[in-house]
Every structure is written in structure tokens, then in C-alpha cells.
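In: Could you look at this predicted model? Sequence included:
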Amino acid sequence: MKLTLDTIGRLESNDFLNAKLECQCGKPHSINIDKVIIGKDALNQVPDVVRTLGAKKVLLVADTNTYEVAGKKVASLLAEHHLAYKSYVYKVTRDLVPDEEAVGKLLLQVEKNTDLIVTVGAGTLNDIVKFISRRTNIPSIVVATAPSMDGYASDSSALIIDNLKTSVESSYPKVIIGDTEILKKAPMRMILAGLGDMIGKYSALSDWQVSRIVNKEYYCDVTSRISRDAIQKCVDNIDGVKNREDIAIENVMDGLVRTGIAMSFVGNSRPASGAEHHISHFWEMKFLFEGKEALLHGTKVGLTSIIVARLYEMLIEKQVDFEEAVAKARIFDEKAWRKSISELYGKAAPGILSMSEKDGRNSIEARISRIEVIKENFPQIIEIAKAAERANRVESLMKSAGAPIKPEEVGVDQRTVLDSVLVAKEVRPRYTILNLLSDLGLLEEFTSDIKKYI
């Protein structure tokens with residue numbers, strides 16, 4: 001089967017799995033996941049999945065909360081079907097942090113005869129287990145307890161390593177199970193986080209198109225369409241999300257899985273993550289360093305996608321002076337920049353500085369070269385900006401679902417927001433609207449102007 005813009009909309013999530021698919025972009029796509037099971041009472045299929053995978057000794061992983069929600073039931077099902085297992089439950093009073101300590105604790109629970117890990121949880125647990133799965137070569141499956149993030153079908157994990165939010169290679173779960181009876185009873189903040197993560201794809205896809213022009217980055221219309229269609233299914237039934245209707249919750253969960261598949265197809269997070277994610281990562285590290293309980297990933301992404309949409313709108317209205325942009329690039333003060341990074345990133349600064357030095361993205365020569373490309377292709381870039389989802393529309397979607405629309409509603413102060421817009425482009429080596437504005441010498445100006453919107 002060949003993936004095209006004409007055929008992609010007719011395919012179910014399982015149609016993408018376990019096959020090498022030719023694509024109209026010229027690059028074959030594949031993902032090493034056996035099955036996605038989303039629906040009512042899907043949890044009851046866990047024993048059959050374990051048997052199909054031939055597992056003899058299961059390590060069941062949950063935390064205090066997810067064990068009560070679904071872990072007990074999974075353990076009961078395994079026992080009823082005479083399937084050997086061992087449980088490990090993270091004792092938590094607040095959200096689990098995916099750092100070296102959490103990874104080490106789980107690694108110590110893996111025994112010589114462990115041949116399958118069953119994750120019962122969502123974002124953090126899924127990330128930790130996928131990483132352990134890759135390191136130990138032990139397959140895993142995940143039983144989702146909330147439709148809260150898009151990492152279920154991703155082969156990367158977001159971990160905190162040396163105080164820096166880092167994306168590391170991981171193994172896909174062999175099977176993803178989402179029982180709508182469990183998913184729809186998740187805390188509403190987690191359901192809204194999943195919706196926020198989906199809405200964030202609007203700006204991510206715009207950023208990917210910009211980088212396609214500026215950096216000649218690989219871009220696939222088909223995988224972009226996978227993400228865009230998944231967003232549409234979610235927002236088309238946004239009232240159903242608010243009311244916890246089965247089909248709406250199923251659409252969010254399936255959308256999160258499909259965007260994970262899209263990421264895997266292109267080998268990175270481009271179909272699902274852009275400047276809105278980079279800003280949210282800065283907020284996350286800031287909260288961590290200040291000892292505050294982390295905000296849900298999708299909650300942050302929903303808020304930051306509104307900010308990014310504003311930046312695109314501001315670019316449309318700006319008369320860009322390319323000669324001035326080159327002049328500013330030539331007097332780039334690296335010493336002052338390093339000082340700013342050290343102050344704003346704190347303990348994470350060494351990792352940020354090292355990454356920047358490695359890829360040379362902030363060199364004067366690289367900046368000037370990009371400015372020339374931007375100037376030559378500026379009409380196309382403005383067309384992308386005009387086609388980007390409007391901030392008022394994004395805000396309206398979030399508000400209608402009952403999600404927060406202002407950073408201060410979740411404890412993010414204005415100074416943190418402004419700092420993040422200024423330096424979040426350093427979090428990942430991916431080109432976004434933030435990098436574009438920096439290259440054009442407009443980032444500081446736009447950061448100041450965005451105050452009126454937050």
C-alpha cells in the first residue's frame with residue numbers, strides 16, 4: 001500500500017502498523033508496534049495480549065494513583081489467567097519526575113527472567129518504561145490511564161537528565177491499550193491536557209513548514225496530514241470532550257496515538273512538536289528548579305500554542321528590514337548571550353550551551369546565511385503565517401473545553417513567560433518561529449509586545 005494524501009484519511013491506526021509503507025514523499029515509513037486497542041472494556045484483552053507475545057514473567061509497573069485506577073485490575077486479570085507477574089508501584093504524593101532516580105529504581109526491579117513490562121499509566125511512566133525497554137531489550141505494552149499526551153506511540157522518551165529536559169531514544173510499546181471506560185474517568189485536567197497537546201500540533205506543523213523553507217529540512221505532506229486530520233477529529237467534537245463522551249474521548253486517545261505514529265514515520269517529533277513545546281519545556285524546567293509541582297505537559301502546550309499563534313500573527317503585520325537583520329547578526333554578543341542562558345537556565349545551562357556549540361546554530365555566519373534564505377523566500381513564509389491557526393481560534397477551542405487560556409491561571413508568571421519566549425529556542429536543535437524571529441532580529445521586540453496578550 002502507498003500512502004498518499006488521497007488514501008491517508010481512510011486508514012485506521014492499525015493500518016499503519018507492522019508494515020513498510022511506501023509514501024508519496026519518496027521515503028518509506030514504518031513503525032514497530034503490533035496493535036492499538038482503543039474501546040470499551042479494552043482492558044480485558046491484556047491477558048490475550050500477554051499470551052500472544054509469549055511472555056512468561058511480567059513486570060507490572062504503575063504508580064500509587066494508576067495502580068488504583070487500573071493496575072489492580074490488570075494484576076487481577078493476570079492472576080486469573082495464571083500469568084506470572086511481579087508488581088512495582090512508584091510511591092508518589094505528587095507527579096513522578098522522569099529523572100535518573102526514577103529510571104534507576106525501575107531498572108533495579110527488572111529480573112533475569114522478566115520478558116515483558118506492562119505499563120499502567122500515562123506520560124511519565126510510559127517514558128520511563130520505553131527507555132528501560134530499549135536498554136534491556138525487554139518488550140513492553142502500555143495500558144493508558146488517561147488520554148493526556150502523544151508519547152504512547154513514540155520511540156523517544158522525555159527524561160530529565162542532568163537537570164535538562166532531554167529526548168532520548170526508546171523502544172515502542174508492542175501494544176497500546178486504551179479502555180474508554182477508564183480514559184473517560186481520568187481527572188478532567190488530564191483529559192484537557194491531551195486536548196491541549198493535540199491543539200499544539202497546529203503551530204508545530206507551521207513551524208515544520210518554515211524549517212522546510214529555511215533549512216531545507218525534510219518534510220512529508222502525508223505525515224503532516226495525519227496530524228492535521230487527528231486534530232480536526234478532536235476539535236470537531238470538543239463539547240463531547242468536555243462532557244466525557246465515549247466517542248470524543250476515543251478520538252482524543254486515537255489522535256494522540258496517530259500523531260505519535262506520524263512522528264515515528266519521519267524519525268523525529270516534527271509532526272507534533274514545535275515552538276509551543278519548546279516554551280513548555282522551559283516552564284517545566286523552571287518549575288522543577290524552583291521545587292514546584294510540574295504542570296501537565298499538554299496543559300502547558302495548550303497555553304503556549306496560543307502564544308505561538310500570536311507570534312505568527314505579529315509577523316504578518318511586521319515590515320521586516322533585512323539589512324537591519326544582517327547588521328544585528330554581525331554584532332551578536334556571544335558573551336552576553338551565554339550569560340543570559342546561564343542566568344535563565346540555571347542548572348540546565350551547561351547542557352544548553354554544549355548543544356548550541358555542537359551544532360553551531362548561533363554562529364554569525366549561520367545566522368546571516370539563514371537571513372538570505374528567509375529574504376529570498378519571505379512571501380512563502382508569510383503565506384505559512386497567514387495559514388496558521390489564529391490565536392483567537394485556539395483560545396476559543398481551549399476555553400470552550402474548559403481548559404485554562406492564560407498562563408497565570410496555572411501559576412506561570414509573566415516574567416517566566418517572557419523569558420521563555422526569549423530563550424526557549426535553545427531547548428531543541430529544531431527551527432521554529434522563535435528561531436526565525438531571532439534571525440530577523442525581532443525576538444526581543446515581539447517578546448515585549450506579547451505582554452499585552454498574557
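Out: Good, I have the coordinates. Residues are numbered from 1 along each chain as shown.
In: Can you mark which positions in the lowest-mean-pLDDT helix or strand in the chain are buried?
Out: Lowest by mean pLDDT, DSSP states H and E among the helices and strands of the chain is strand 164-169, with a mean of 84. Buried residues in strand 164-169, counted by 16 or more other CB atoms under 10 Å: 164-167. No exception for glycine: its C-beta is placed from N, CA and C like everyone else's.
In: Stretch 265-272 now?
Out: Applying 16+ other CB under 10 Å to stretch 265-272 flags 265-266, 268-272 as buried.
In: same thing with stretch 318-332?
Out: For stretch 318-332, burial by neighbour count (16+ other CB under 10 Å) applies to 318, 320, 325-326, 328-329.
In: any residues touching it, and which ones?
Out: 362, 364, 367-368, 371, 374-375, 378, 439-442 (CB atoms under 8 Å, 6 or more residues apart in numbering).
In: okay if I get the residues you listed as TSV plus distance to Ile138 and pLDDT?
Out: Formatted as TSV, the contacts of stretch 318-332 follow (distance: CB to CB, whole Å; pLDDT from 0 to 100):
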residue	distance to Ile138	pLDDT
Asn362	40	87
Ile364	48	94
Arg367	45	95
Ile368	49	97
Ile371	49	98
Ile374	47	98
Lys375	52	98
Phe378	51	98
Asp439	44	97
Leu440	48	98
Gly441	50	97
Leu442	49	98
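In: Report the buried members of those residues.
Out: By 16+ other CB under 10 Å, the contacts of stretch 318-332 give 362, 367, 371, 374, 439-442 as buried.
In: immediately after the strand or helix carrying Val326, which helix or strand?
Out: If you go by DSSP states H and E, Val326 is part of helix 322-330. For helix 322-330, the following helix or strand on the C-terminal side (DSSP H and E) is helix 334-345.
In: per-residue confidence at the residue lying closest to Lys242 once chain neighbours are set aside?
Out: Of all residues not flanking Lys242 in the chain, Ala401 sits nearest, at 5.1 Å (CB to CB, 6 or more residues apart in numbering). Per-residue pLDDT puts Ala401 at 92.
In: Test my guess that Ala401 contacts Val241.
Out: Yes. The pair Ala401 / Val241 is scored as a contact, 5.5 Å apart, by CB atoms under 8 Å.
In: of these two, who's got more company?
Out: Set side by side, Ala401 and Val241 show more neighbours around Val241, with 27 against 22, by other CB atoms under 10 Å.
In: pretty sure that one is touching Ala193, no?
Out: No. At 11.4 Å, Val241 does not count as touching Ala193 under the criterion of CB under 8 Å.
In: Show me the common contact partners of Ala401 and Val241, please.
Out: Contact with both Ala401 and Val241 is made by residues 192, 195, according to CB under 8 Å, 6+ apart.
In: Just the strands from this protein, written as ranges.
Out: 2-3, 22-23, 35-39, 58-63, 85-90, 116-121, 140-144, 156-161, 164-169, 175-179 (DSSP state E).
In: Distance to Ile213 added to those, as JSON lines?
Out: What follows is these, written out as JSON lines (distance: least, CB to CB, whole Å):
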{"stretch": "strand 2-3", "distance to Ile213": "23"}
{"stretch": "strand 22-23", "distance to Ile213": "21"}
{"stretch": "strand 35-39", "distance to Ile213": "34"}
{"stretch": "strand 58-63", "distance to Ile213": "43"}
{"stretch": "strand 85-90", "distance to Ile213": "44"}
{"stretch": "strand 116-121", "distance to Ile213": "39"}
{"stretch": "strand 140-144", "distance to Ile213": "36"}
{"stretch": "strand 156-161", "distance to Ile213": "25"}
{"stretch": "strand 164-169", "distance to Ile213": "24"}
{"stretch": "strand 175-179", "distance to Ile213": "34"}
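In: I appreciate the help and will end here.
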